[in-house]
Each structure stands twice: as structure tokens, then as C-alpha cells.
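A.B. asks: Just to be clear, the model below is a prediction. Sequence and coordinates:
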Amino acid sequence: MITQLQIQNFKSWRDSGAMRFAPLTGFFGANSSGKTSILQFLLMLKQTAESLDRSQVLNLGDERSYVNLGTFTDIAFNHMDTNPISFQLAWLPGLQQQLLNHFNWFTTKEPLRFSAQFELIRQIVTLQHFTYAQGPSSVGMELQRPAFSEQAAQYVVINDSTLEPRNGATPNVSAPTYFYAFPEALNLHYQDTFLPSWLTSLFDNLLGSIEYLGPLREYPSRTYLLRGSKIGSIGSRGERTIPALLTSSPNVQEAVAYWLKELGLINSFTLRPVAEGRHEYELRIRQSAQSPEVFVTDVGFGVSQILPVLTLCSYAAPGSIIILEQPEIHLHPAVQAGLADVFITAIKERNIQIILESHSEHLLRRLQRRMAEEQLHPEDVALYFVTMQAGQSHIETLQVDSYGNISNWPQNFFGDEMGDLVAMTEAVIMRQQQNGA
């Protein structure tokens, strides 16, 4: 689970400051305020780790990537590529934590911390340094590469208790893998500790645990083709939602069916082949217990748009990090509120972290209600309001107490509702006076 993130000189963020991440982390604010850029940064790291080019420091993406960010100049704050882009990230490792504890390298008391800095040299993004650390003991790797030089980089690995440079010297080895992985020569140099390779593996696991669903989701279809026996991801547009349901355990289908009914969207659904022995399937919907089955294309658009959200929350592996952009899109306000309960269930029962960007007042209000009802605690959520001022993004932490009250509610958070009511009342009075005259 990600516990903290700070981004500097990335797009509209001069410095985000240290943002606390919780099991449920939400970013709210006006369009083009910079909240989506925070999600894009994490997706950029993920697609870099998945790139086949291991020497590429950052993968800024193309039309097939999670995000297509253009060039380094495009993502640099104020398009000033002379300013290095930096970030610091802290996370609690999951699957391999017990092995690390066995060697007494790290404990779960404090999260692991990673920091990196990038700059542009001769139109090539270069890594200036990266460091792993935790608490008083740290393991770091510093890159020293003179500008416009092809010389080999120098790396230093230090740990106050276990890893001192051998014989006062450090290996002179090749460039790192991606932006976070120790080169193989360094792993060999410290092969008796395994620590550099384990740190790399932990960061690999973190980025690999991220699942992403964007705001533009696939249109429903009358038939769906199933290829293979296991679906890894439902896709950033939810294009593999139906194959994922078909190949998942019955528990996943039951959970999705439960939420579709609980949210008042449908009574039930059925997935079946169009004919015996065929690989094409159809999704049939029954809107009430008495109504006939119809194709998903013949019901409201909201069902097909929320289906990927519900499936991802039920299908993603425990320990996953789910990034959602506008999960409430095309949904009725009552359903938007109900999404909060879907997310609360996912973080509590499935140990999933959810990071979302939203414009939904109804979703936020339901979260506040659940805190007042003690179904959700303040430490379970981190909520932010993002604004754009003079071309620079700013972030404000929403101060939420145990009763769900927000003490620093920003002005016009979700529009000027009171101003609209006053203006409408004045217009009614004026028209009545004119008609009476």
C-alpha cells in the first residue's frame, strides 16, 4: 500500500508537498486543476516498469500506454526542462515482507521510502539518483554521471548496520535498470546480502499491483468473445470485463450481482454462450424479478459503465492498488453515493487500496455519513481538494473528524448551490411582481 507521495516539477505541480495516502484516497476539484496528473504520475511509473526497454529511464507512453505524456518538456513544470523532476514515495510492502523480516533488514513499523530525480540531457531523460530507505537504517544508490558524458556511473550502497562498502571501495558499474533497479553488477557485488535485488523486487511488486480504470469505458456489446482461460487485467477501458467475469471464481460474479442489485440498477444478470460450443457470450439483464431478460445494450448506459468498476473491485487480487478516474461517470446520484459503500467493502474485506479522482458530491457525502456511523474511520481515508492558481496546482487536505464533518470545506467546493437558490428566488419574485403589475 502506498502511504505517501510527493511530486516536484511535474506538469502543473511545482511541489505537491507530502501527501498522505490511505486505504481510500480521493482527489476532488475543478476540471484541469491538476488532480489527474497525480494519477498519471503513478501510471507513468507503472508503464516504465512494464516497458521492454530496460534502459529507458521513464516511459512517457504512446497511444497503447496507460498514459501518453509526450516529451520530457511536456511534463516539466512550466515546460522548463532544465528543472529536474523529483518524487518521493513511501509504501508498505506486502507479499515479501515476512522474508525481509526473517533477515532483519526491514520491519513493518515504518514504510519503505524511495526517492528519485530525473533531468533532460541532450533530449534523453537521465536518472540523477535514487535512494531506498527505511527508518534509521537506509540502503541507497547514488548516480554520478557528468553531463554529456558516456562514462560509467558510480554507485554507492550504504546501510548503517549491514552494508558497508567493501574495502572502502564501491563497484564501477553500468547504468541502472529503469529508474529504480540496481544494476546486475551491483547485485553480484553484494550477493551475500541479496538486499539490492530484494529492494528492486519489492518496488516491482508495488508497481505491478497497480490496476487502472479510466473515465472512458468501453461501450456495451451484444456479444463478447472469450479467448484464453485467465484474464490478468480488465483493461484501462474495462474492455476485458466480461472475459474476466467468465473466467473468475463464482464469488466474483456473486459480488458483482449483489452490488448491481443493491445499487438498484438491475435484479440479476446472466452470462451464457450464444450457442453450444461457441466462444461468443452474451450478457442478459433482468431489470426486475418479473421483467424478461434483455441484452445489456437494451438497458440504461449506466449499467455497462459501472460494471467494470464493480468487477475490478471484486476481481483484483488482495493487496492491489486500484486507480479510478471518475468512477461515477454516467451514474445517477443515488448510485454515485452507493459507490462509496462498494469502495469501503473493497478496502476492508479485500485489503485493496483505492486511489480515485472524482467530481461527485454524492460519493463524498456518503463517505462522511459512514464515518459518522463508525463504519469508516478517519485514518482509513485521505481526501484532498485541488485548485489551479496562476498556472500552478495547489492541494489542500480536507480535515475530516470522526463524525464525518469537514472543518475546512473549500468555497464553492461543488459549485455555488446557495448562490443558485438565492438567484432563482430573486428571479421568481421579480417575475411575480412583473406579472402582477
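C.D. replies: Perfect, I can see it now. Residues are numbered from 1 along each chain as shown.
A.B. asks: got any ranges where this protein has weak pLDDT?
C.D. replies: 95-109, 135-174, 189-195, 416-419, 421-422, 437 (pLDDT under 70).
A.B. asks: which residues of it fall in helices?
C.D. replies: Here the chain has its helices, by DSSP state H, at 35-49, 72-75, 97-102, 184-189, 195-208, 241-247, 250-262, 301-315, 333-349, 361-372, 417-436.
A.B. asks: how close does the residue positioned nearest the centre of the chain sit to Tyr66?
C.D. replies: The centre of the chain sits closest to Ile323, judged by C-alpha atoms, centre = their mean, with a distance of 2.9 Å. Distance, Ile323 to Tyr66, by C-beta to C-beta, to the nearest Å: 9 Å. Any C-beta I mention is one placed from the backbone N, CA and C, and that applies to glycine too.
A.B. asks: Could you tell me which residues touch both of the two?
C.D. replies: Both Ile323 and Tyr66 are contacted by Leu43, Tyr212, under the criterion C-beta atoms under 8 Å, 6 or more residues apart in numbering.
A.B. asks: so Ser402 touches His377, yeah?
C.D. replies: Yes: if you go by C-beta atoms under 8 Å, Ser402 and His377 touch, sitting 7.1 Å apart.
A.B. asks: Which neighbours do those two have in common?
C.D. replies: What both Ser402 and His377 touch, as defined by C-beta under 8 Å, 6+ apart, is the set Met371.
A.B. asks: Can you name the residues bridging to the residue nearest to the centre of the chain?
C.D. replies: Tyr212, Ile355 (DSSP bridges).
A.B. asks: Distance of it relative to Val309?
C.D. replies: Ile323 is 12 Å from Val309, by C-beta to C-beta.
A.B. asks: where do the contact lists of the two overlap?
C.D. replies: Jointly contacting Ile323 and Val309 under the rule C-beta under 8 Å, 6+ apart are Leu213.
A.B. asks: Contact partners for Gly26?
C.D. replies: If you count contacts by C-beta under 8 Å, 6+ apart, then Gly26 has Ile355, Leu356, Glu357, Ser358, Leu363, Leu364, Leu367, Val381, Ala382, Leu383, Tyr384 around it.
A.B. asks: Tabulate the CA atom coordinates of stretch 218-229 in PDB.
C.D. replies: Output in PDB follows, covering the C-alpha atoms of stretch 218-229 (Å, rounded to 0.1, in the frame of the first residue of the first chain):
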ATOM      1  CA  GLU A 218     -16.000   0.500 -23.500                       C
ATOM      2  CA  TYR A 219     -19.500   0.700 -25.000                       C
ATOM      3  CA  PRO A 220     -21.600  -2.400 -24.300                       C
ATOM      4  CA  SER A 221     -21.800  -5.100 -26.900                       C
ATOM      5  CA  ARG A 222     -24.400  -7.700 -27.800                       C
ATOM      6  CA  THR A 223     -21.800 -10.500 -27.800                       C
ATOM      7  CA  TYR A 224     -18.400 -10.900 -26.200                       C
ATOM      8  CA  LEU A 225     -15.500 -13.200 -27.300                       C
ATOM      9  CA  LEU A 226     -13.600 -15.200 -24.700                       C
ATOM     10  CA  ARG A 227     -10.000 -16.000 -25.500                       C
ATOM     11  CA  GLY A 228      -7.900 -18.000 -23.000                       C
ATOM     12  CA  SER A 229      -8.700 -19.200 -19.600                       C
END
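A.B. asks: from the chain's centre, how far out does it sit?
C.D. replies: 25 Å (C-alpha atoms, centre = their mean, to the nearest Å).
A.B. asks: Of all the residues in it, which ones are buried?
C.D. replies: Within stretch 218-229, the residues that count as buried by 16 or more other C-beta atoms under 10 Å are Glu218, Pro220, Ser221, Tyr224, Leu226.
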